[in-house]
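Q: Next one to model:
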Amino acid sequence: MTDPSSSSSFAFWTGAALVLLALYRALMSILLAAYNALPSLQRRVLLEEEAFRHPRLAHLLAQPRIFGLALRLWNALLLALLFLAAWPVADALPGRLWILGAVTALYLYLFDLVLPALIVAADPPRWLDRLFPWFDPAQRALAPIVDPVARAVARRHADEEEGEEDEEPTQEAMTALLQEGEAEGILEAEDRELIRNVVSLGDTVVRELMTPRTAMRAIPVEATLDEAWGAFQESGRSRLPVYEGRLDKVVGVLRLKDLLGQPDDSKATVRQLMKPPLFVPESKPAAEVLREMQRARIGLAVAVDEFGAVAGVVTLGDLLDEVFGEIHEEPGAHEIEPLGEGIWLVSGKAHVDDVADALDLDWERDGFDTVGGLVMARLGRVPKVRDTVTEDGSRISVLRMDGAKVLQVRVERLVKS
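A: Presented below is the predicted three-dimensional model:
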């Protein structure tokens, strides 16, 4: 005859074990939900930032096939164990199959679908960090089974991924990554706008950004350096195409920087100073032209139509405007830019003391702070382009004006006789 006290004790401990097992599996369901809720892009960002407390968790997340497979296998084993443990309890009840089926369905609905998703929705990484220690021993035990399976899956997809690694990301892939970053709140508003502009550059062709032939300014190859200088002043550009005979025969690109680096008595010609031109079809995507400009280290490309005729020009500034917004092309954006031996391009708003110290000149400051103020003080009037003053063994020539404001000057150290 069975001892009632021993039977009740067995039932108690069986019930307690069943409840603990059910709760543990619920925790593993939450861990799985947190893993599934963590997008691949956010996971890579968190790994790069070393945001996880547990090194083994970071190691496993860097191998998502192994981690995901082990977690799903462990959850399946726990469910089978829970079912087997519940069977003796249900066996003592009338209609046990219906009861066991109903309880299992309710448990799976609550603890596999509804509650885990609600719990981890706000912060999946935090729940991964919290619950991983409860899974780590099981993962180590399952490694001999899981690792070979995961490697077999990886080998199966290796051929597909090998070709993809060498390819540049497609427009669709970039857009998908951007949408994922936006959805997960990884990207700031400014970052989103910038990336959207970069992505849209792939849909824009040169024809949409170029200065058309009817509006472009060019320099004839036989022009003097003074004439070339006048063309730069009128256009406000830092690079201009050079043509021979007719506009369709562009033979080079002249940079304002190269022109300003010449001494006043220079015998150089436009042909000697110009750089080889870069020709691109007007239908070419702007993103490809930008990469081509970077490779060629050139800031201006000549756009041609399907018949080879010049259709216009596109500059690096035009392409960057499309990405960053309006960017005014100003040569010598830095306050002091060397042009050659003893010659510098200097901003009119640069401080006199800073320029004098940098160029080792003994300029006097008398009622003015900027280089533009120095020129105005020495002339006694509002400067004009090509005005020149001499100051402590240096010649200062006005290059660019904006109304009464001196934008840029050329400083040349004079050789003492």
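
Q: Return the per-residue confidence for Glu193.
A: At Glu193, the model reports a pLDDT of 53.

Q: ok, now Ala333?
A: Confidence score, pLDDT, at Ala333: 45.

Q: Ok, Arg156 next?
A: Listed pLDDT for Arg156 reads 67.

Q: One more: the one 10 residues further on?
A: As summarised for this prediction, Asp166 has a pLDDT of 43.

Q: Adjust the sequence numbering to begin at 20 for everything that follows.
A: Done: numbering now begins at 20, and the last item shifts to Asp185.

Q: Leaving aside the residues adjacent along the chain, what's closest to Arg226?
A: Glu301 (4.4 Å; Cβ to Cβ, 6 or more residues apart in numbering). Bear in mind the C-beta positions are built from the backbone N, C-alpha and C, glycine included.

Q: Enumerate every residue touching the one you found.
A: Going by Cβ atoms under 8 Å, 6 or more residues apart in numbering, Glu301 touches 224-226, 229, 322-324, 330-331.

Q: Roughly how far does it sit from Thr230?
A: 12 Å (Cβ to Cβ, to the nearest Å).

Q: Residues that sit against both of these two, list them.
A: What both Glu301 and Thr230 touch, as defined by Cβ under 8 Å, 6+ apart, is the set Gly331.

Q: May I have the phi/psi pair for Leu37?
A: The phi and psi values for Leu37, taken as degrees, to the nearest 10, are phi -60, psi -40.

Q: From Gly120, how far out is it?
A: When distance is defined by Cβ to Cβ, Leu37 is 16 Å away from Gly120.

Q: do the same with Leu127
A: Distance from Leu127 to Gly120, by Cβ to Cβ: 11 Å.

Q: pretty sure Thr365 contacts Thr389?
A: Just so we're on the same page, residue 365 is Val rather than Thr. No. Contact between Val365 and Thr389 fails when scored by Cβ atoms under 8 Å: they sit 10.1 Å apart.

Q: Show me which of these two is the more surrounded one.
A: The neighbour comparison of Val365 against Thr389 (other Cβ atoms under 10 Å) goes to Val365, with 24 against 19.

Q: Which helix or strand contains that one?
A: strand 362-366 (DSSP states H and E).

Q: So which residues make contact with that strand?
A: Applying Cβ under 8 Å, 6+ apart, the external contacts of strand 362-366 come out as 276, 279-280, 282, 350-351, 353-358, 374, 378, 390, 418, 426-432.

Q: now the strands: where do they sit in the stretch 320-436 of the chain?
A: 329-334, 355-359, 362-366, 407-409, 413-421, 424-432 (DSSP state E, counting those that start in this stretch).

Q: my bad, the chain
A: Along the chain, counting by DSSP state E, strands occupy 230-231, 238-239, 258-263, 265-274, 298-300, 319-323, 329-334, 355-359, 362-366, 407-409, 413-421, 424-432.

Q: out of those strands, nearest to Leu90?
A: Nearest to Leu90, of all these, is strand 298-300, at 51.5 Å by Cβ to Cβ.

Q: Tell me the strands beside that closest one, with direction?
A: strand 319-323 (parallel) (DSSP bridges).

Q: Kindly provide the distance from Arg274 to Val289.
A: 11 Å.

Q: count of neighbours near the nearest residue to Arg75 once chain neighbours are set aside?
A: Nearest residue to Arg75, sequence neighbours excluded (Cβ to Cβ, 6+ apart): Asp155, at 6.2 Å. When neighbours are defined as other Cβ under 10 Å, Asp155 has 14 of them.

Q: Do I have it right that Asp155 meets Pro74?
A: No. Checked against Cβ under 8 Å, the pair Asp155 and Pro74 is beyond contact range at 10.9 Å.

Q: could you measure the closest residue to Val240 other than its chain neighbours against Gln291, distance?
A: Using Cβ to Cβ, 6+ apart and skipping residues adjacent in sequence, the residue nearest Val240 is Glu263, 4.6 Å away. To Gln291, Glu263 is 14 Å away according to Cβ to Cβ.
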